[in-house]
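>>> I would like to see how this sequence folds:
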Amino acid sequence: MRKVPQILFALVASLVLLMFGAGCQRPDPVQEEIQHVRDRTMPSAARLVRTVATERTAWSVTASWEIETDESWKQYSDWVAERLGGDYVTAEASDSGRVLRRNLLGDVYVLQIEPTSTGSPLRVRARFIASPE
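Numbering: from 1, shown residues only. Next up, the predicted model:
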């Protein structure tokens, strides 16, 4: 009979530690940036058509997604550059794609966007890469 309270106490203590530990975990800043950039590359009328799981290696983190929008490539590309303009700088821009960069202390974030279709709706592939500078 004495074992039941000990087991119950151990179970409750384990649950409390698990809940406390989960609440103390710090969010992953790269994952937060990926979500922030993905949100900022989605016009309100656009549709997310594909997302690829985030890939992590020893030297980089990569995420990609595709959207469809009724905007032209130029309208969309300029809109993304404006939306990310406070943090990201356009490194390259052409009819075939745009590259935006954000330099942080020791790291660089790169967003590559490119049209994968030219008709309507426009389909765009976005690729985010975080790596050491």
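>>> can we go C-alpha only for contacts and neighbour counts from here?
Fine.
>>> where do the strands sit along the protein?
Using DSSP state E, the strands of the chain run over 47-56, 61-69, 89-94, 97-104, 107-115, 122-132.
>>> in TSV, list those along with mean neighbour count, distance to S77 and mean pLDDT.
As requested, these are arranged in TSV below (neighbours: other C-alpha atoms under 10 Å; distance: least, C-alpha to C-alpha, whole Å; pLDDT from 0 to 100):
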stretch	mean neighbour count	distance to S77	mean pLDDT
strand 47-56	12	16	92
strand 61-69	20	11	97
strand 89-94	14	8	96
strand 97-104	18	7	96
strand 107-115	20	8	97
strand 122-132	20	10	97
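>>> so which of those comes closest to D39?
Taking C-alpha to C-alpha, strand 47-56 is the member of those nearest to D39, at 10.2 Å.
>>> need the strands of the chain in JSON lines with distance to Q25, can you?
Putting the strands of the chain into JSON lines (distance: least, C-alpha to C-alpha, whole Å) gives the following:
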{"stretch": "strand 47-56", "distance to Q25": "19"}
{"stretch": "strand 61-69", "distance to Q25": "20"}
{"stretch": "strand 89-94", "distance to Q25": "31"}
{"stretch": "strand 97-104", "distance to Q25": "23"}
{"stretch": "strand 107-115", "distance to Q25": "22"}
{"stretch": "strand 122-132", "distance to Q25": "21"}
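>>> right, and those strands - which one's nearest E82?
Among the strands of the chain, if distance is taken as C-alpha to C-alpha, the winner is strand 89-94, at 9.6 Å.
>>> beta partners of I129?
Counting by DSSP bridges, I129 is bridged to T62, V110.
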